[in-house]
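Undergrad: only the shape, not the letters, is given here:
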């Protein structure tokens, strides 16, 4: 069931797409993370995302 409300859709996209991924163990981390929550590595990257048309 698709979400029709634009505000709810924006909140859902933010939570699903804006996170950091650890390059060592692959864990998902908060957007403001400096170190991985699982392995404590500092080697983080932003999750890849594309614009939805």
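TA: Nice, I can see it. Being a predicted model, the structure only gives us computed values, none of them experimental.
Undergrad: I'd like the distance between the spatially most central residue of the chain and residue 2.
TA: Residue closest to the mean C-alpha point of the chain, counted by C-alpha atoms, centre = their mean, is residue 19 at 2.1 Å. Between residue 19 and residue 2 the distance is 22 Å, computed by C-beta to C-beta, to the nearest Å. To be clear about C-beta, it is placed using only N, CA and C from the backbone, and glycine gets the same treatment.
Undergrad: which parts of the protein are helices?
TA: Counting by DSSP state H, residue ranges of the helices within the chain are 6-17.
Undergrad: thinking again about what came up before, the residue nearest to the centre of the chain against residue 27, yeah?
TA: No. With contact defined as C-beta atoms under 8 Å, residue 19 does not reach residue 27; the gap is 9.9 Å.
Undergrad: what do the two both touch?
TA: Taking C-beta atoms under 8 Å, 6 or more residues apart in numbering as the contact criterion, no residue touches both residue 19 and residue 27.
Undergrad: so where is the chain shaky, pLDDT-wise?
TA: Counting by pLDDT under 70, the chain shows low-confidence ranges at 51-53.
Undergrad: and with 90 instead?
TA: Along the chain, the parts satisfying pLDDT under 90 run over 1-4, 12-13, 49-53.
Undergrad: what ranges does it have for its strands?
TA: Using DSSP state E, the strands of the chain run over 20-22, 28-29, 44-46.
Undergrad: do you know which of the ones you listed lies nearest residue 8?
TA: Comparing the strands of the chain by their distance to residue 8 (C-beta to C-beta), the top pick is strand 28-29, with 21.3 Å.
Undergrad: could you list every helix and strand in contact with that closest one?
TA: Strand 28-29 sits against strand 20-22, with contacts defined as 3 or more C-beta pairs under 8 Å, 6 or more residues apart in numbering; DSSP states H and E.
Undergrad: distance from the strand it packs on to the middle of the chain?
TA: 8 Å (C-alpha atoms, centre = their mean, to the nearest Å).
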